[in-house]
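Student: How does the following fold in three dimensions:
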Amino acid sequence: MANFLDQIPLSDENLPEKLTPEMLRGYPGCEHYNDEQAHEIINTIEKLAIILLDVTVPPSNLPENKDEDLLSD
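Tutor: The predicted model follows:
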């Protein structure tokens, strides 16, 4: 089953900036994470975001043309 992000046509101009370990450490309480821990946390946040989108965005709001350029991992 495809997730919501796999079905959004995105161009380089509207891609969100990916969270980096340095950006994560900029949040209060996250300063002490090393790169490995930060990457694990970022991956978990991304997985949670995908789950939340999958359960909150109705299928009727998904693009109908499945042949468009799609976001992939």
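
Student: tell me the contacts of Ile42?
Tutor: Leu19, Thr20, Pro21, Leu24 (C-beta atoms under 8 Å, 6 or more residues apart in numbering). Where you see a C-beta, it was placed from the backbone N, CA and C, and this is true even at glycine.

Student: just Thr20 next, same as before
Tutor: Ile42.

Student: ok, now how distant is it from Val57?
Tutor: Thr20 is 26 Å from Val57, where distance means C-beta to C-beta, to the nearest Å.

Student: now do Thr44
Tutor: In terms of C-beta to C-beta, Thr44 sits 20 Å off from Val57.

Student: Relative to Ile51, which of the contacts of Ile42 is nearest.
Tutor: Leu19 (16.6 Å; C-beta to C-beta).

Student: Can you report phi and psi for that closest one?
Tutor: phi -70, psi 130 (degrees, to the nearest 10).

Student: hang on, the earlier thing: more neighbours, Thr44 and Val57?
Tutor: Between Thr44 and Val57, counted using other C-beta atoms under 10 Å, Val57 has the larger neighbour count: 13 against 10.

Student: and that one, what pLDDT?
Tutor: pLDDT for Val57: 77.

Student: do Ile50 as well
Tutor: 86.

Student: Could you give me the buried positions within the helix or strand harbouring it?
Tutor: Assigned by DSSP states H and E, Ile50 belongs to helix 35-56. The neighbour-count check on helix 35-56 (16 or more other C-beta atoms under 10 Å) flags Ala38, Ile42 as buried.

Student: In terms of secondary structure, what does the helix or strand where Leu24 lies contact?
Tutor: According to DSSP H and E, Leu24 maps onto helix 21-25. Applying 3 or more C-beta pairs under 8 Å, 6 or more residues apart in numbering; DSSP states H and E, one finds that helix 21-25 makes contact with helix 35-56.

Student: still on that earlier bit, widest-spaced pair of the contacts of Ile42?
Tutor: Leu19 and Pro21 (8.4 Å).
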